[in-house]
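S.K.: quick one: sequence and predicted model below, then my questions.
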Amino acid sequence: MVNDLDEDASGDFKELQDALLSTESVEQFLHEMSILAAGLVRGGLSCGMTMQSSGRPMTVACSDPVAAQVDEVQYKLDDGPCLHAMRDGHAVRIEDTTRMKDTGVKTRWPEFEARAASHGIRSCLALPLTADGRPIGAINLYARTASAFGTAEARRAENFAENASGALTLALRLSSHMLLIEQLRSSISSRTVIDQALGIIMAREHCSQSRAFAILRSASQNSNVKLREIASAIVTSITGEPPQPPPPFEDALTASQIPAPARGARAPHGLRRWRRPRSRPRRCQPSRWHFLADLAGRPDLPLRKGPPGRRRR
């Protein structure tokens, strides 16, 4: 008997591991978990996954519509086995939802049991889900036969809930890290565009970086337009195309590992040293910069008409 339970627990853990590796989001993982939990007892179960969202419990995944309907009964009553398991962190079992009707024995949740019986549910087992040592949800198992959760079934379900809690903790951490990575990528992309715009302003106005940033920030504040959008408009006005995102980290790493040419060897054309042309640079067209002064709310910005040079005598 013990060996059978150990084998079942090992198989359940393997299935949870496979579900965690094969799903791309926490929502998909919870759905797969509910389907796996519904197969814990022979004869089939209905499984709902309850979690707290903005102070209100909700079913985030279920194996079939019946589980979601019975879960909703508890949410409306604000009481029931799944809410008790989630809030107190202890397993709750109901042997027969029709016992009060048949025997007259008072039960803990008479209204819930009557409504659950009307959906064809005769027994249920609610198990807490924890993450980082605190309850965050519950696995709700509903059976259509009375006393479906004996000692062996309850123990297997408890082992499943324990393994599921560990897998869910890992899934939540991975999801949090992925969100942080996306935020960092967005921040790096925005910073790249802003730096490009600052370089353009510094080259055009022959000013320091702090002065260029002050001009850009003033334009953003006075026009109520995000700094990145103004920077993107500046880059687009010069290059004729929207700013391109920075290369992925892997590509940048590969580029940094390009070996230097041997001493005395002729460098490829794309890697030759750039030389400033001897001819006098062409004067810039000031019309490209009028939009920046308008956005900044300062038509009198000292935007130069062209590169500095000697005055004509």
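M.R.: That came through, no problem.
S.K.: can you give me the helices for this structure?
M.R.: Applying DSSP state H to the chain gives helices spanning 2-22, 26-38, 65-77, 81-88, 99-103, 110-118, 151-205, 209-223, 227-239, 249-256, 290-296.
S.K.: need those in TSV with distance to Pro57, mean pLDDT and mean neighbour count, can you?
M.R.: Every residue, glycine included, has its C-beta placed from N, CA and C. Rendered in TSV, the data for the helices of the chain read as follows (distance: least, C-beta to C-beta, whole Å; pLDDT from 0 to 100; neighbours: other C-beta atoms under 10 Å):
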stretch	distance to Pro57	mean pLDDT	mean neighbour count
helix 2-22	23	65	13
helix 26-38	14	83	20
helix 65-77	6	93	19
helix 81-88	6	91	22
helix 99-103	24	73	14
helix 110-118	14	92	18
helix 151-205	16	80	16
helix 209-223	43	85	16
helix 227-239	39	85	18
helix 249-256	40	49	10
helix 290-296	48	53	18
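S.K.: relative to Cys47, which of the ones you listed is closest?
M.R.: helix 26-38 (4.2 Å; C-beta to C-beta).
S.K.: so for Arg144, which of the helices of the chain sits nearest?
M.R.: helix 65-77 (9.0 Å).
S.K.: do you know which of the helices of the chain lies nearest Gly133?
M.R.: Closest approach to Gly133 among the helices of the chain (C-beta to C-beta): helix 151-205, 9.3 Å.
S.K.: got the angle between the closest one and helix 26-38?
M.R.: Computed by axes from the mean of the first three to the mean of the last three C-alpha atoms, to 10 degrees, the angle separating helix 151-205 from helix 26-38 equals 170 degrees.
S.K.: and the gap between Arg57 and Gln74?
M.R.: Not Arg; residue 57 is Pro. 8 Å (C-beta to C-beta, to the nearest Å).
S.K.: re earlier: distance to Tyr142 added to the helices of the chain, as TSV?
M.R.: TSV is the format used below for those (distance: least, C-beta to C-beta, whole Å):
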stretch	distance to Tyr142
helix 2-22	19
helix 26-38	9
helix 65-77	6
helix 81-88	10
helix 99-103	16
helix 110-118	7
helix 151-205	12
helix 209-223	56
helix 227-239	51
helix 249-256	47
helix 290-296	61
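S.K.: who wins for proximity to Leu129 among these?
M.R.: helix 151-205 (5.2 Å).
S.K.: just to revisit the earlier point, can you tell which of the helices of the chain is closest to Gly48?
M.R.: Here helix 65-77 is closest among these (C-beta to C-beta), at 3.7 Å.
S.K.: helices or strands up against that closest one?
M.R.: Other helices and strands packing on helix 65-77, by 3 or more C-beta pairs under 8 Å, 6 or more residues apart in numbering; DSSP states H and E, are strand 46-53, strand 56-62, helix 81-88, helix 110-118, strand 134-143.
S.K.: nearest to Asp132, out of the helices of the chain?
M.R.: helix 151-205 (6.2 Å).
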